[in-house]
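Novice: let me see the structure of the following:
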Amino acid sequence: MKRSFLFSLFFLFLFIQDLASIESNEKPVPIQRKSKDFYYLLQTPHLRKKKPYSWEKEGVSLPKITKEFFRCRGIAQNAPRQIDASKILSDCAGGTKHPLSFVQGKEGVYAVLLDLLNFVQKKTGKQVVITCGHRCSLHNAYADPSKDNLSSKHLIGAEVDFYVKGMEHEPEKIIEIVQEFYRQDPETKNNPEFTKFLRYEKKTNVATPPWYNKEIFLKLFRKEEGRDFDNSHDYPYVSIQVRFDRERKEKVVFSWDLVNNPSI
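Specialist: Reported below is the predicted structural model:
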């Protein structure tokens, strides 16, 4: 035990001697610089605004609204609805199983609805949420079996219900933007029949008097109004109905022939 202790002291002594030898041999080495060397001056750092991600840029993340957004929202798996003791309604198989309405012989919806909704998206930078576009006759009855709904323009691709994500409780602003479309559209901006909106004073199913010009009829449904199967959300929403077909220069009036006959 004593011998191992002495060996440890001996090796510790040698280690200390080596350290002393290393320190005594150390010499400072000057830094050699060339005559043309210079120092870079560092600028004072400043806070920069974060660049938006691609999905945050206005218009980038918002898909263009096409007729596909108007597909019927029926679902075959929905439970049958008991209307009265003798009447039970089933839902349709959905818009992927049957076509849209036919406008001027082509499957689709009235083009002005697409123009208006895309204009709203562009002006707000926010997504338009279509709650009800086209309805087939089966889903139309299932969604709202009331007599007033039998002649809904949803059946002929001439009506849309929607709200704007992030502006759910500001439907009046959306109404103003829809009206602004006609003041900017080259085809209508100098025509008071389109730029001037009147108020509809007759009784309707909404408390707010609707607005209308030659081409469209605008309704504002408050959160307690217009609740049906497709509009079962808690938000106010806007409804646009087409009154006049600019291409054919004729009124758009509901008829069952338009619902059932693709050639019209």
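
Novice: neighbours around residue 8, how many?
Specialist: For residue 8, the count of nearby residues is 10 (other Cβ atoms under 10 Å). Where C-beta positions appear, they are placed from N, C-alpha and C, glycine not excepted.

Novice: er, residue 183 actually
Specialist: For residue 183, the count of nearby residues is 12 (other Cβ under 10 Å).

Novice: separation between the closest residue in space to residue 170 that isn't next to it in sequence and residue 126?
Specialist: Using Cβ to Cβ, 6 or more residues apart in numbering and skipping residues adjacent in sequence, the residue nearest residue 170 is residue 164, 7.7 Å away. According to Cβ to Cβ, to the nearest Å, residue 164 and residue 126 sit 5 Å apart.

Novice: can you list the low-confidence ranges for the stretch 51-200 of the chain?
Specialist: Low-confidence segments of the stretch 51-200 of the chain (pLDDT under 70): 51-60.

Novice: strands of that one, start to end?
Specialist: 81-84, 87-89, 102-103, 106-107, 128-132, 159-164, 198-199 (DSSP state E, counting those that start in this stretch).

Novice: burial of the residue nearest to residue 210 when sequence neighbours are not counted, as a residue count?
Specialist: In space, residue 210 comes closest to residue 200 once its chain neighbours are excluded; the distance is 4.3 Å by Cβ to Cβ, 6+ apart. Residue 200 has 15 neighbours, counted by other Cβ under 10 Å.

Novice: from what I see, residue 200 and residue 209 are in contact.
Specialist: Yes - taking Cβ atoms under 8 Å as the definition, residue 200 is a contact partner of residue 209 at 5.7 Å.

Novice: rounded mean pLDDT for stretch 214-225, please.
Specialist: Summarised as a single mean, pLDDT over stretch 214-225 is 97.

Novice: any idea how far that stretch is from the chain center?
Specialist: 19 Å (Cα atoms, centre = their mean, to the nearest Å).

Novice: how about stretch 122-132?
Specialist: Per Cα atoms, centre = their mean, the centroid offset for stretch 122-132 relative to its chain is 4 Å.

Novice: most tightly packed of the strands of the stretch 51-200 of the chain?
Specialist: Stretch with highest mean neighbour count among those: strand 159-164 (a mean of 24; mean count of other Cβ atoms under 10 Å).
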